[in-house]
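Participant: Just need the structure, nothing else, for what follows:
(2 chains)
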Amino acid sequence: MLRITGLTKTLGSFSLKGVNLHIEEGEYFIILGPTGAGKTILLETIAGIYSPDGGTIALHGSDITRTDPKHRGIGMVYQVYMLFPHLTIEENIGFGLRQRHIDPVTIRNRVRQTAEMLGIWHLRERYPETLSGGEQQRAAIARALALGPRVLLLDEPLSALDVTTRERLRRELRTIHRMMKTTIIHITHHFEDIFALADRVAIMQNGTIVQVGTPEEIFQRPETEFVASFTGMENVFCGRSRLRDGAALIDVGPISIQTVAGIEGDVYVGIRPEEVIVSREPFESSAINTFRGTVTEIQQNGMFSRIVVDAGVPFVCALTRQSIRRLELAEGETVYLTFKASAVHACPG
Amino acid sequence: MQRRSRSSLFSASFLAISAVLVIFMTIVIGGLVLYPSQRELLASITSPEILFAIQLSLVTSAVSTALCIIIAIPVAYAMTRFSFPGKSLANVIMNLPLSLPPLVAGVALLIFFGPSLIGTVLRGSGIDIVFNVTAIIVAQFFVNVPYMIRITRAASAVINPRYEYVARTLGCSEWSAFRQVTLPLAAKGLIAGLVITWSKSIGEFGAVLLLAGATAMKTETLPIAVYLNISTGDLNEAIAASIVLIGIALVSLLIFEQYGDGTQVI
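Facilitator: Down below sits the predicted model:
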């Protein structure tokens, strides 16, 4: 549907070095990467703000590489809203429709419909500066959606918001995507966004895409050291969470993991390798999760080594070489894994 | 205790110097207004010569300010948003008239439109830009356009280009994004720049004197009127013209304070 081939662009100190991506119709596609990876330039080039130095962009099979942004039908939402401060919320949302010289009644109906979907119609007469961050971001999303874009680009749309607002808006993005079936490309650095929203994820580094896959593939089988270190959550499992006395017990395959997050139902759990303590014997501590397992793999690299322990599900643990030597670890040995309930990151699956 | 008295001595002396300066300025400027008898002053202000000067100043400054803004907006935008080879050199050249004495700018303009090849060609085709009203406008424009560019630049530099990007994804061409988004956002800064440029054009003397000459009732703007009347000893007319200039300066300063927040004049 959207096919990006060999896209290159240099802009100051940022650059895209041959980006290839294929995004399906109606897909929720997330791009993850560190600051300076070139994610925003990529979005702005897709939107047509920058003309690429090389490569092509095709939408629905037709080449739009040199098409003016106004003819692309690609909407854009930035991290800090970019609502036009001299226009009311209603005028902001209707801005794109007014450019098309549609009659005012139709514009008003479309604006109302979109604004109501995002729960901001009552704010229509206000100016952006009088709104909260969450409200402004809803208005910015409404402004982009009012035109019914073929692709919606979201540049860290939730990053400027406080935690509660972010979670609420994240759920709404999911609802909007299901209702409108718009193809969405969303840049983020939040782990939760990926599991809550993404159909597929691309990891971007130094102006190139280093891995593309489903969220599970990305987290469980990071193809490069960079992906592993950036995602950091190498132990990612699907599970089912039950609430017991306010705490959640998550069944993951044959084992049950305790967490402090109060969520129920299908979840993803993530545990960082460095949060898992490896011991020869079980020990009493404040950490509530302890599992017995067998070492299946030891990878010595650099100061930290990664060992894989099969405790019903495979756990990756990070240990120093000295620790491995001290514990006399070897493949096939029996060990115990211990980690705190608070080290378990859970989010709805 | 000693520390405290020292620090208050410190602030007291700085405040005292400020107070002396304010009093000095008030007396100097206020004294000028109060010096002639009010009846004579009124007669001088309403004399044909001063009324002519007021009218000429208003017309020429309005035209030159309009030219300044028409040129400054695209230039300021280009200098903030685009990068091109020779940009810093262009910047230096554009700012040169700011630090140049207006008299020198006037001499340069006089040579350019006078005996130089270009001046000769222009005159040959019927365009004479020396010692007439057009010369006043040209001189005011030349000296003041750098100010307008500077203020407009400051106003457009704070506008995030992403407003335009969003507008373009919403169906605007580059022109219409500029007109519908950037221009309204820069409006306050533009008004401030307009007022300060207008006020400076009205007060422009050196460059106008050299290019337009000082011909009574012909190229006699308010500052030229001050100059001509002082040289002929007509003190009341000179003071009348000065007071009108003070009034204009005061009004434009107040408007500038209103709209120019965050905008640096120089």
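Participant: does the residue nearest to A:Asn206 when sequence neighbours are not counted count as helix, strand or coil?
Facilitator: Leaving aside its chain neighbours, A:Asn206 sits nearest to A:Ala37 (6.5 Å; criterion: CB to CB, 6 or more residues apart in numbering or on different chains). For glycine as for every other residue, the C-beta is placed from the backbone atoms N, C-alpha and C. Using DSSP: H, G, I helix; E, B strand; the rest coil, the secondary structure recorded for A:Ala37 is coil.
Participant: What lies in contact with stretch A:98-106?
Facilitator: A:70, A:97, A:107, A:110, B:170-172, B:176 (CB atoms under 8 Å, 6 or more residues apart in numbering or on different chains).
Participant: Go through it and flag the buried ones.
Facilitator: Residues A:98-99 are the ones in stretch A:98-106 that count as buried (16 or more other CB atoms under 10 Å in any protein chain shown).
Participant: Confirm that B:Ala66 lies within a helix, as I assumed.
Facilitator: Yes: judged by three-state DSSP, B:Ala66 forms part of a helix.
Participant: That one and chain A: what is the separation?
Facilitator: Distance, B:Ala66 to chain A, by CB to the nearest CB, to the nearest Å: 23 Å.
Participant: What of B:Leu254?
Facilitator: Per CB to the nearest CB, B:Leu254 is found 24 Å from chain A.
Participant: Check B:Ile202 too.
Facilitator: For B:Ile202, the distance to chain A - CB to the nearest CB - is 30 Å.
Participant: Look up which helix or strand that residue falls in, please.
Facilitator: B:Ile202 belongs to helix B:183-203 when elements are defined using DSSP states H and E.
Participant: go on, A:Phe291?
Facilitator: strand A:289-300.
Participant: Within the sheet, what are the partner strands of that strand, with directions?
Facilitator: strand A:304-310 (antiparallel), strand A:334-339 (antiparallel) (DSSP bridges).
Participant: Show me which residues of chain B are close to chain A?
Facilitator: Residues of chain B found near chain A (CB under 8 Å from any CB of the partner chain) are B:160, B:162-163, B:165-173, B:176, B:181, B:184-185.
Participant: Any chance you could list what contacts the strand holding A:Phe291?
Facilitator: Under CB under 8 Å, 6+ apart, the answer for strand A:289-300 is A:255, A:257-258, A:282, A:305-312, A:314-315, A:321, A:324, A:329-341, A:344.
Participant: B:Ser156 and B:Thr182 touch, don't they?
Facilitator: Yes: B:Ser156 lies in contact with B:Thr182 (CB atoms under 8 Å); the separation is 6.9 Å.
Participant: Need the overlap of contacts for the two.
Facilitator: Counting by CB under 8 Å, 6+ apart, the contacts common to B:Ser156 and B:Thr182 are B:Tyr77.
Participant: Buried ones among the contacts of strand A:289-300?
Facilitator: A:255, A:257-258, A:305-309, A:311, A:314-315, A:324, A:329, A:335-341, A:344.
Participant: Burial check on residue 218, number of neighbours?
Facilitator: Here I'm looking at chain A. If you count neighbours by other CB atoms under 10 Å in any protein chain shown, A:Ile218 ends up with 26.
Participant: Hmm, no, I was thinking of chain B.
Facilitator: B:Lys218 has 14 neighbouring residues, counting by other CB under 10 Å.
Participant: Contact partners for residue 209?
Facilitator: As the question left the chain open, I've gone with chain A. Counting by CB under 8 Å, 6+ apart, A:Ile209 touches A:19-21, A:202-203.
Participant: was after chain B, sorry
Facilitator: Residues in contact with B:Leu209 (CB under 8 Å, 6+ apart) are B:103, B:106, B:224, B:227.
Participant: now those residues: which count as buried?
Facilitator: For the contacts of B:Leu209, burial is judged from neighbour counts taken by 16+ other CB under 10 Å, and it is met by B:106, B:224, B:227.
Participant: Which strand or helix spans the first one?
Facilitator: When secondary structure is defined by DSSP H and E, B:Gly106 falls within helix B:102-113.
Participant: buried stuff in that helix?
Facilitator: For helix B:102-113, burial by neighbour count (16+ other CB under 10 Å) applies to B:102, B:105-110, B:112-113.
Participant: residues from chain A in reach of chain B?
Facilitator: Proximity of chain A to chain B, by CB under 8 Å from any CB, involves residues A:44, A:47-49, A:68-70, A:72, A:74-76, A:78, A:82, A:84-86, A:95-96, A:99-100, A:143-144, A:147.
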